[in-house]
Each structure stands twice: as structure tokens, then as C-alpha cells.
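A.B. asks: Structure here, sequence nowhere to be found:
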């Protein structure tokens, strides 16, 4: 347990450091040192390669973690190791051949709207290959309980390197088109460093034959391809489709806006680390009463935390955009729409954990595919009409349908739901605070305005939560704070 706690703490710190560096790159360096066109190209290439990566990886990064420790026979374990390290090549090599033969067709398809993408189309496959094998080597390190270095490479290394490259662009040491190729080299070097570390941790012993349970391994890998592809589509398809329907600089504007809104999702990730195992235990012991209580508590707590972050972001968004180049302000509505989607996500509490750990776990894949198809279809409809605002509206609408479907499903199968009187009161409080501060602007420097308005929002929102006792847990935290400091 000491290893788990130690590495969890280190990985959490590393993740937040990476997030902070990413914020600097996304909000300030990219926006000031690259033109919107080239920033859009970078966003498109990375999003497209992220979508392709799960297919090239063939799910092996998760397959290694699931099956490696299950083997008691050393030869079988070595056969499994050789098998999973070979599997991605069985996809990558034919894909590369098809890509070379049909390259001009792919170029015409991808760059039909934005000719500026033409010289870089081939980098999508290379980036996806680097990402795929990086994840496989990282998984090898994780099954040997050495995750910190890999997490450092995954969360921090490439962001620092991008920061250095952008500084080089700003000082005219690096041409903008060269930056894109060097960015690809960064991901290649990350793979190389992870590969060296993986061999250093434990040199793989490879036997080139199928393990006895190869059908089970293939079946699981195929399932992971589907789930991984769905996750990648949900995260990045809107950016790729923007590049297919609108000029490439729209991706730059969209990237910045989405990054701001995604801050709302950060507390949910931390809470899910705690609620997942508790949810699993309650389901295994069939303690539906306590599960219902946890469902409501996780929902209202995440709803309030996400709600106040949503208010802080959306009510200060104009000031935030004053700190960015002027042409980025077209993403203001995107921040609001994506922010609403994330708040609604928070309202679901531990809904995913309930479905995933119940007898209906296969529905997770079904709902994921449903959301992916909805997102793609709605993007096709709304991007040509409203551009980047259409992409954000499509995402919001898809998540509303998706989450409502899951909420109804859990209620019908298990008889529990996350909503309460506090949910309604919290919504009214959020609406009142938003209405109060929406048109209330100060005549100071944007940073001073953000600090002043944020302080007032937190005070007013905190007082309302405490007075109305909207959440037992948050009210207790406020009481403890007041007792200790006042």
C-alpha cells in the first residue's frame, strides 16, 4: 500500500504540474507565438492522431495491465508479452501500406477545406504510432509498479518541450512549419525515452507464439479498441470536424475556449478516484440504501463545486479574453456551452461507476457508442450552420441526451436517482448569482477585475450554500474553516 500511496501522490502532483504548463502553452504561448492558422493546424493534427491512436494500439495498453499478472506459467507470460508487443504492428504495417498507396486520396479528403494541411497529413499516422507504442511501454512499466516516470513523460515532458519550441518560434530561431515537424519529433523522443525506461525496469522476454488464451486476449483488446476509440472521438472529434467544415483557425479559437471550460471537470476526476471503489463495494454487498445516499451526495457535491467554477469562468470570460489576442474572443459562447455540458456531467455524480460496476456494465460501451454517434451526427448538422459555436452546441446537446439516458436507465434498473430538493435550490442559486454578476463589470485592469469579481462570487455563493445547507459535506467544510480561522 505504501507504493500505491507514494506513487499516487507523486502522480497527482505531476498531473497538476502538467495541467499548469498546458494552461500556459494553450492560453498564452500558442496564442501569441503562432498565428491562428498554424495553431489550428497543430490542434487538428494532434486531435486526428489521438482519434487514430486506439486503433493502432489495438487496445494493448489495457490488455497488458489486465492479463500480465494473471499468468502463473513463465513461458505463457512471455508468450503473452511477445503477442501484445506484436499486435500493434499487425495493424500499423497494413495501415501504413494503405496510407502510402492511397495517400493522395487521404490528402484530398482531409485537406479539402483547408489546403494548408496538405504538407502535414502524413504526420497524423506517425504521431498516432508514437502515441500508441508510448502507451504500450507505459503500461509495461505500470504492471511492474513503476508509473511515476511514465506519468512525467505523459503529462509534463512534451509540454515543456513545446514551451521551449514556442520560445524558439518567438525568437525566430525556428520557422513555424519546422515547429510542426519538431513537435512530431518530441512525441518520437517521448516514445524512445519510455521504451528505454521500460526495458530498464524489466527487459521483456519475448516468445513469438500465441498464448493459450489468445482468443480471450483478442476479444478484450477489440473491446478496448471500441471503448478507447469512443473516448477519443468524444474528446477530439469536434476539432477534427471543424477542420473539415470551417477554416483551420477556428480550431485554435475552439481549443482555447474548451481548455477554459474543461477546468470544471477536474474536481470530478479526483472524486471519482474515491467513489468508484466505494460504489463497487456497495453494489457487491447489495446495499442499495447507502448507494442511493452516495449517488445523491456525489451529485450535489460535484454539482455545487462544478457550478461555482462555471460561474467563476463564465462571469470572468470577457476579462480572460482581454488577456489574449483579440481574434480569439469569438470563443466566448463556446466556453459557456461546453461549461454547461461539464456542469451537467457533474450533476450525474457517480452514475458511470454505478453502471460500470453493476450487472449492466456492458451498457457503458453501448452508451459510449451512442454518445459518439450523437456527437458526430450533431456536429455534421450544426458546424456548417454556426461554426465553432455549432460544435459546442452539438457537444452540449449530445451530453444532455447521453446523461439523461443514463440517469433514466439507472433509475429504471436500480430504482435510485441523484436529484433532490437541494438540486433545485442549487440551480436557483447559480442562476441568481449569474444574473447578478452577468452585467456587473469593474473599470480596472482585467486581472484586478477577475480577482475582485471572483472573490465576491465565492463569498456570495459560499454564504448561500451554507445558509441553505445545500450539501452536508460542503457545509461541514465551511463550518470547520470558520471555526479554525474566525
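C.D. replies: Arrived safely, thanks for sending. Keep in mind that this is a model prediction, so the values were computed, not measured.
A.B. asks: C-alpha only now, for contacts and for neighbours.
C.D. replies: Will do.
A.B. asks: What residues does the closest residue to residue 21 other than its chain neighbours make contact with?
C.D. replies: Nearest non-adjacent residue to residue 21, counting by Cα to Cα, 6 or more residues apart in numbering: residue 159, 6.4 Å away. Counting by Cα atoms under 8 Å, 6 or more residues apart in numbering, residue 159 makes contact with 18, 21-22, 25.
A.B. asks: Repeat that for residue 370.
C.D. replies: residue 402.
A.B. asks: element containing it?
C.D. replies: Using DSSP states H and E, residue 370 falls within helix 363-386.
A.B. asks: Tell me the one among the contacts of residue 159 nearest to residue 355.
C.D. replies: Taking Cα to Cα as the measure, residue 355 sits nearest to residue 18 out of the contacts of residue 159, at 30.6 Å.
A.B. asks: and the closest one, how many neighbours does it have?
C.D. replies: Counted with other Cα atoms under 10 Å, the neighbours of residue 18 add up to 22.
A.B. asks: In what element of secondary structure is it found?
C.D. replies: Following DSSP H and E, one finds residue 18 within helix 2-24.
A.B. asks: Now that helix: average pLDDT?
C.D. replies: Averaging pLDDT along helix 2-24 yields 72.
A.B. asks: Give me the buried positions along the helix or strand that contains residue 127.
C.D. replies: Residue 127 is part of helix 122-143, with elements assigned from DSSP H and E. Neighbour-count burial for helix 122-143, counted by 16 or more other Cα atoms under 10 Å, picks out 122-142.
A.B. asks: cool, stretch 189-208 as well?
C.D. replies: Result for stretch 189-208 [16+ other Cα under 10 Å]: buried residues 189-195, 197-198, 206-207.
A.B. asks: repeat for stretch 290-306
C.D. replies: Neighbour-count burial for stretch 290-306 [16+ other Cα under 10 Å]: 291-292, 294-306.
A.B. asks: For residue 107, state which of the residues you listed is nearest.
C.D. replies: The nearest member of the buried residues of stretch 290-306 to residue 107, counting by Cα to Cα, is residue 306 at 41.0 Å.
A.B. asks: so that closest one makes contact with residue 348?
C.D. replies: No. In this structure, residue 306 is not within contact of residue 348 by Cα atoms under 8 Å, at 11.5 Å.
A.B. asks: any weak-confidence spans in this structure?
C.D. replies: Applying pLDDT under 70 to the chain picks out residues 1-9, 11-12, 208, 227-228, 231-232, 269-270, 272-274, 276-277, 361, 486.
A.B. asks: where do the strands sit along it?
C.D. replies: Counting by DSSP state E, the chain forms no strands at all.
A.B. asks: Find the residue at the geometric middle of this structure.
C.D. replies: Central residue of the chain (Cα atoms, centre = their mean): residue 235, 6.0 Å from the mean position.
A.B. asks: Check the gap between that residue and residue 423 for me.
C.D. replies: The gap separating residue 235 from residue 423 is 28 Å, by Cα to Cα, to the nearest Å.
A.B. asks: Residue 10 now?
C.D. replies: Distance of residue 10 to residue 423, given as Cα to Cα: 35 Å.
A.B. asks: Compare these two and say which is more crowded by neighbours.
C.D. replies: Taking other Cα under 10 Å, residue 10 and residue 423 do not tie; residue 423 has more neighbours (20 against 16).
A.B. asks: Now the more buried one: closest residue in space that isn't a chain neighbour?
C.D. replies: That would be residue 300: by Cα to Cα, 6+ apart, it lies 6.4 Å from residue 423.
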